[in-house]
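> turn this into a structure:
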Amino acid sequence: MNLIANYQPLFYNPPETRYYLITGGRGSAKSFHASLFLLNLTYEPNEIILFTRWTMVSAQISIIPEFIEKIELMNLENDFDVKQNEIVNKKTGSKILFKGIKTSQGTATANLKSISGVTCFVLDEAEELVDEDIFDKIDLSIRAKNKYNRVIMIMNPSNKQHWIYKNWIEKERPNTTFIHTTYLDNIQNLSDSFLQQAETVKNHNLDRFNHLFMGDWIEDSEGILWNTAIINRAKIKVKPDNLRCVVAIDPATTATKNSDETGIIVVGYADDKYYILDDLSGRYSPTEWAKVAHQAFVAYGCDYYVAEKNQGGDMVKAVLANQDANNLIKLVTATKGKFTRAEPIYQLYENNKVFHVGDFPILERQMVTFNPDKNTTSPDRVDALVWGVTELSAKSNVDLFLY
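Next comes the predicted model:
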């Protein structure tokens, strides 16, 4: 199998360094090479690989299929036992464990630290982890005796305020192998439609092209409303009691691996203040996102759903009704542009009226880069947040459907 030359140091045995920082834009083959390496590593005895993301709602849907693809590509189906949250090499007993860092109760740092004998810690989509202390605690627990210990961070570069940029890029930390690729390194494996999309973005928005496709780090000032300081000021750890809650949904119109995500944000209200309680957004089929939204509805004791009517209102009603025929659904109509809708919500942030109960790194990254004049893809999570806060502030015109 031909590897992109940049990734060859990842496969060195013994490894040259403890840390591996793998960065790149879309189509740069980060996931392909990382999963191939990890499967290869399981052929070494006594390897326990902890594969994490900030959130991991369903490993068997979002991650494990990528590994199965590589197993089938190499005709090694008989060597592996693929389970719901782990892959075991039947020849050696070595395994890959798939765990989320964020849980409904907080973070699973203590549980992850306590997993015995971990030899390789993988932080996938590392841009989503904004708490450096969590990383440090898990990193320090990777100390299996008489084994090579590896810590692998895989990410699309975020903004320059991120702790990885400050600790690894700005200072270039020692004992680290840096691997960076772009779609140009992987061009022979990419479809014509992908290459056309990249060229379109390049011609219309060079800054966005450099970030999305070339993997450049961006400044906070790329956005036009929120910044990191405003969001950090809004963070709290505990939500108040007796909140009135809604599940706000910005539904995607398609459900392929290249589709927009469906924004699913839980928003609460009490005493003239608004609380972002959860971000469950993701790339789902309509049935999947309806199930995720319904689970949040029940878990947070929400009053109703609010969703954008423009994006397939009839479909939204239908899939949510299939989950629970007794729920209320309010459909809102987008009669104004994204900036005009978002600006009043930003003002609430400025006036210390909106709080984030915990960390929501992907949502917050969308917020600080939100610029409707430049963005060529939908800021799905921000849209859902705006719908939710707007609804609870009684500023929206709605149609009410009761099932």
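> leaving out the residues flanking it, which one is nearest to residue 323?
residue 294 (3.9 Å; Cβ to Cβ, 6 or more residues apart in numbering). (C-beta placed from N, C-alpha, C; glycine too.)
> quick one: low-confidence parts of the chain?
57-62, 104-106, 220-224, 253-259, 310-313, 325-326, 335-336, 372-378, 395-403 (pLDDT under 70).
> residue 345 and residue 351 touch, don't they?
No - applying Cβ atoms under 8 Å as the test, residue 345 and residue 351 come out as separate, 10.8 Å apart.
> out of these two, which sits in the more crowded spot?
Counted by other Cβ atoms under 10 Å, residue 345 and residue 351 do not tie: residue 345 has more neighbours, with 23 against 9.
> so that one sits in a helix?
Yes - assignment of residue 345 by DSSP: H, G, I helix; E, B strand; the rest coil places it within a helix.
> quick one: contacts for it?
354, 385, 386, 389, 390 (Cβ atoms under 8 Å, 6 or more residues apart in numbering).
> leaving out the residues flanking it, which one is nearest to the second one?
In other words, residue 385. Distance criterion Cβ to Cβ, 6+ apart; nearest residue to residue 385, sequence neighbours excluded, is residue 265 at 4.9 Å.
> bridge partners for that neighbour, pull those for me.
Beta-bridge partners for residue 265, by DSSP bridges, are residue 248, residue 279.
> from here on, call the first residue 33.
Let's use 33 as the start, then, which means that last one is residue 297.
> okay, now it: neighbour count?
Using other Cβ under 10 Å, the number of residues around residue 297 comes to 30.
> quick check, it in contact with residue 416.
Yes - Residue 297 lies in contact with residue 416 (Cβ under 8 Å); the separation is 4.2 Å.
> between those two, what contacts are shared?
280, 313.
> still on that earlier bit, list just the nearest of the contacts of residue 377 to residue 38.
Of all the contacts of residue 377, residue 417 has the smallest distance to residue 38: 37.0 Å, by Cβ to Cβ.
> and that closest one, how many neighbours?
With other Cβ under 10 Å as criterion, residue 417 counts 28.
> repeat that for residue 112.
Using other Cβ under 10 Å, residue 112 has 19 other residues around it.
> any idea what it is bridged to?
With DSSP bridges as the criterion, residue 112 is bridged to residue 121.
> could you say which helix or strand holds residue 64?
Per DSSP states H and E, residue 64 falls inside helix 62-73.
> what's the first helix or strand after that helix?
Note on helix 62-73: by DSSP H and E, the next helix or strand toward the C-terminus is strand 80-85.
> now that following strand - C-alpha only, CSV.
Listed next in CSV are the C-alpha coordinates belonging to strand 80-85 (Å, rounded to 0.1, in the frame of the first residue of the first chain):
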residue,chain,number,x,y,z
ILE,A,80,-4.0,-0.9,24.4
ILE,A,81,-4.9,2.1,22.2
LEU,A,82,-7.3,4.6,23.7
PHE,A,83,-9.0,6.4,20.8
THR,A,84,-10.9,9.5,22.1
ARG,A,85,-12.9,12.5,20.8
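> where do the helices of the stretch 283-432 of the chain begin and end?
Counting by DSSP state H, counting those that start in this stretch, one finds helices in the stretch 283-432 of the chain at the ranges 318-331, 345-355, 370-382, 393-400, 412-424.
> tell me what angle the longest one forms with helix 345-355.
To tie it back to what came earlier, the one meant is helix 318-331. Interaxial angle, helix 318-331 versus helix 345-355 (axes from the mean of the first three to the mean of the last three Cα atoms, to 10 degrees): 60 degrees.
> contact partners of helix 318-331?
Helix 318-331 has contacts (Cβ under 8 Å, 6+ apart) with 89, 93, 136, 279, 281, 283-284, 287, 294, 296, 298, 310, 312, 314, 316, 334, 337, 347, 351-352, 354-356, 359.
> repeat that for 7 Å
Residues outside helix 318-331 that contact it (Cβ atoms under 7 Å, 6 or more residues apart in numbering) are 136, 279, 281, 283, 287, 294, 296, 298, 310, 312, 316, 337, 347, 351-352, 354-356, 359.
> go on, stretch 155-167?
83-86, 133, 139, 141, 185-188, 190, 194-196, 391, 393-394, 397.
> between the two ends of that stretch, how far is it?
One end of stretch 155-167 to the other measures 9 Å (Cα to Cα, to the nearest Å).
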